[in-house]
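Engineer: Generate a structure from the sequence data that follows.
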Amino acid sequence: MKEKLVVMVVMMVMMVMMLVVSVGDGWAQSPLDDYVRIGLENNLALKQKEIGYKKSLEALKEARGLFFPNLSINARFSVSEGGRTIDLPIGDLLNPVYSTLNQIIRENKFPTIDNLSFMFLRPEEQETKIRMVQQVFNSDVYYNSQIKKELTVSEQVTVDQYRQELVAEIRKAYYQTAMADGIVNMLNETRKLLEENVRVNQKLVDNGKITIDNLYRAQTEMSKFDQKMQVAVKNKEIASAYFNFLLNRSLTEPIVLLAPEILPLITLDTDVYKESAMTNREELKKLDVYDHITGLQVKMNQSGALPNLMIVADYGIQGEKYKINKDADFAQASALLTWDLFAGFQNRARIRQAKLQKEMLSRQTEEVSKQIELQVINALNEIKTAQAGIESATSQVKTAREGFRLVKRRYEEGQANLIEFIDARTTLTQAEENLIISKFTYLSDYAEFEKVCAINKI
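Structural biologist: Now for the predicted structure:
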């Protein structure tokens, strides 16, 4: 009994492992997912956006640095000659007094003193000091830091917005390439029918069964078809080059093309997708950031009526020669207060400008919201039309394929002419091409729908 139980447990474990493996294979990452990852890593335009974001981070660090003290060394050595003098009439002041004193004491103890004259500019002078400046209260510094922070957020939103656009563009370019490749492959298969038709007509002409004009007509159709084939190949090369350009690869790099067999379906619930777009679209996020920045600008201008206070401290040496002693060094500290009492109503005008800018952003946000709502409705309608187009194209292919089979059999039995055969073949080719275009048009519309509704988050 125990042995049976062990065997059952082992079998259950093996079944679970097989299930996990099969599910893992079913959810394996497609080549398109790998290409999207490569594009996000290598796209040059996206790299430029990311550099802009990094630059804004450095600007934010610069703004925050204004809160810290600024230390600097200032040195000055001057050599002067000439200039103004300072006259000190000490002789004129003291000599009469000294003369009187000498007469009183009858001795010449007090000598005659000459007047003194000093140069206003010293012949040589130096001053070397370390200065520290610390902002104590400055509203501009604070609000400038907050604005830089919001600008950094704006740059990040710009990067995210371009990432979503790039994902959609890569997917659409991939589908365009796959569509062109599908058309080329379909035309290659169709060409085999034309080759066989030319071969059969040549044989019938050789045996005298038909006239040679039938062979010429078959060869003409082959030439016309080859011209169409060249256009299809050109379209594939152009689509492949653009796809590789988005991935920043060599424009001739081979592309793994796998058309998805199961097309994604949507519920067509407009309100759900509108809500997703209004919540997640980067355009609205960016406008919200700009609105916050404008609010900060209003507060910054309103706080312009407040004073600014800073502390300045100096320590150094000064004198005619460079020497360090107790008589040469000095220290000085100051508190500086600046208060703009009147500036010609400039600040009031700046406040009004910022408020008007905020009002304009509010109107712009309302307009963008309406545009996004319209985009969602249009994208849903495009998806609905594309779904109906696939159903119609599938029915056309089925009908055209059966019609060509019947005409081909009648043609081989000699009951249908060449014109009927060519017409049936052309109808089938056009139907198959239309089906390929319809499927990949739906996929491209779905990629655009994901971007519009902001549901293709990476």
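Engineer: Tell me where the model's unsure across the stretch 151-300 of the chain.
Structural biologist: Residue ranges of the stretch 151-300 of the chain with pLDDT under 70: 259-268.
Engineer: Helices along that one, start to end?
Structural biologist: According to DSSP state H, counting those that start in this stretch, the stretch 151-300 of the chain carries its helices in the segments 212-246, 270-280, 282-302.
Engineer: contacting residues around the most centrally placed residue in the chain?
Structural biologist: Ranked by distance to the mean C-alpha position of the chain (CA atoms, centre = their mean), the top residue is V159 at 3.1 Å. Going by CB atoms under 8 Å, 6 or more residues apart in numbering, V159 touches L46, K49, E50, G52, Y53. The C-beta positions use only the backbone N, C-alpha and C, and glycine is treated the same way.
Engineer: rerun at 6 Å
Structural biologist: Each residue near V159 by CB atoms under 6 Å, 6 or more residues apart in numbering is listed here: K49, E50, Y53.
Engineer: Kindly report the same for Q387.
Structural biologist: Q387 neighbours (CB under 6 Å, 6+ apart): none.
Engineer: List the single closest residue to I90 in space, sequence neighbours excluded.
Structural biologist: L116 (5.6 Å; CB to CB, 6 or more residues apart in numbering).
Engineer: And this structure, split by domain according to the record?
Structural biologist: As assigned by automatic domain parsing, the chain contains the domains 29-80+137-308+346-453, 85-120.
Engineer: Among these, which comes closest to A328?
Structural biologist: domain 29-80+137-308+346-453 (13.8 Å; CB to CB).
Engineer: Please, where are all the helices along the stretch 1-150 of the chain?
Structural biologist: Using DSSP H, counting those that start in this stretch, helices in the stretch 1-150 of the chain cover 2-26, 31-42, 44-64, 90-105, 139-206.
Engineer: re the thing from before, would you confirm that the residue nearest to I90 contacts L88?
Structural biologist: Yes - when contacts are counted by CB atoms under 6 Å, L116 is listed as touching L88 (4.2 Å).
Engineer: Dump the helices of the stretch 1-150 of the chain into JSON lines; add distance to Q387 as well.
Structural biologist: Listed next are those as JSON lines, based on distance: least, CB to CB, whole Å:
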{"stretch": "helix 2-26", "distance to Q387": "24"}
{"stretch": "helix 31-42", "distance to Q387": "20"}
{"stretch": "helix 44-64", "distance to Q387": "32"}
{"stretch": "helix 90-105", "distance to Q387": "109"}
{"stretch": "helix 139-206", "distance to Q387": "15"}
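Engineer: Go through those and name the closest to K323.
Structural biologist: K323 lies closest, by CB to CB, to one member of the helices of the stretch 1-150 of the chain: helix 90-105, at 28.9 Å.
Engineer: Can you tell me how far S303 is from I351?
Structural biologist: Using CB to CB, to the nearest Å, S303 is found at 10 Å from I351.
Engineer: Neighbour count: the two, which is higher?
Structural biologist: Set S303 next to I351 and count neighbours by other CB atoms under 10 Å: I351 wins out with 17 against 14.
Engineer: wait, doesn't the more buried one sit right on N301?
Structural biologist: Yes - the criterion here is CB under 6 Å, and I351 meets it with N301 at 4.4 Å.
Engineer: quick one: low-confidence ranges for the stretch 1-150 of the chain?
Structural biologist: 1-29, 83.
Engineer: Give me the neighbour count for the residue nearest to Y322 when sequence neighbours are not counted.
Structural biologist: Nearest residue to Y322, sequence neighbours excluded (CB to CB, 6+ apart): Q126, at 5.9 Å. If you count neighbours by other CB under 10 Å, Q126 ends up with 18.
Engineer: do the same with the one 4 residues further on
Structural biologist: Here the neighbour count serves as a burial measure; for I130 (other CB under 10 Å) it reads 14.
Engineer: what's across from it in the sheet?
Structural biologist: According to DSSP bridges, the residues that bridge with I130 are I73, Y315.
Engineer: so it sits right up against I317, yeah?
Structural biologist: No - using CB under 6 Å, I130 makes no contact with I317, being 10.4 Å away.
Engineer: where's L341, which helix or strand?
Structural biologist: L341 is located outside every helix and strand, with elements delineated by DSSP states H and E.
Engineer: any idea how far P307 is from it?
Structural biologist: According to CB to CB, L341 and P307 sit 10 Å apart.
Engineer: Name the residue in those two with the higher neighbour count.
Structural biologist: Taking other CB under 10 Å, L341 and P307 do not tie; P307 has more neighbours (12 against 6).
Engineer: For L336, see how far away that one is.
Structural biologist: According to CB to CB, P307 and L336 sit 10 Å apart.
Engineer: repeat for A328
Structural biologist: From A328 to L336 the distance is 26 Å (CB to CB).
Engineer: ditto for N207
Structural biologist: Taking CB to CB, one finds N207 at 112 Å from L336.
Engineer: Buried residues of stretch 193-206, list them for me.
Structural biologist: Using 16 or more other CB atoms under 10 Å as the test for burial, stretch 193-206 gives L193, L194, N197, V200, N201, L204, V205.
Engineer: now do stretch 223-243
Structural biologist: Under the neighbour-count criterion of 16+ other CB under 10 Å, stretch 223-243 has F225, M229, A232, N235, K236, A239, S240, F243 buried.
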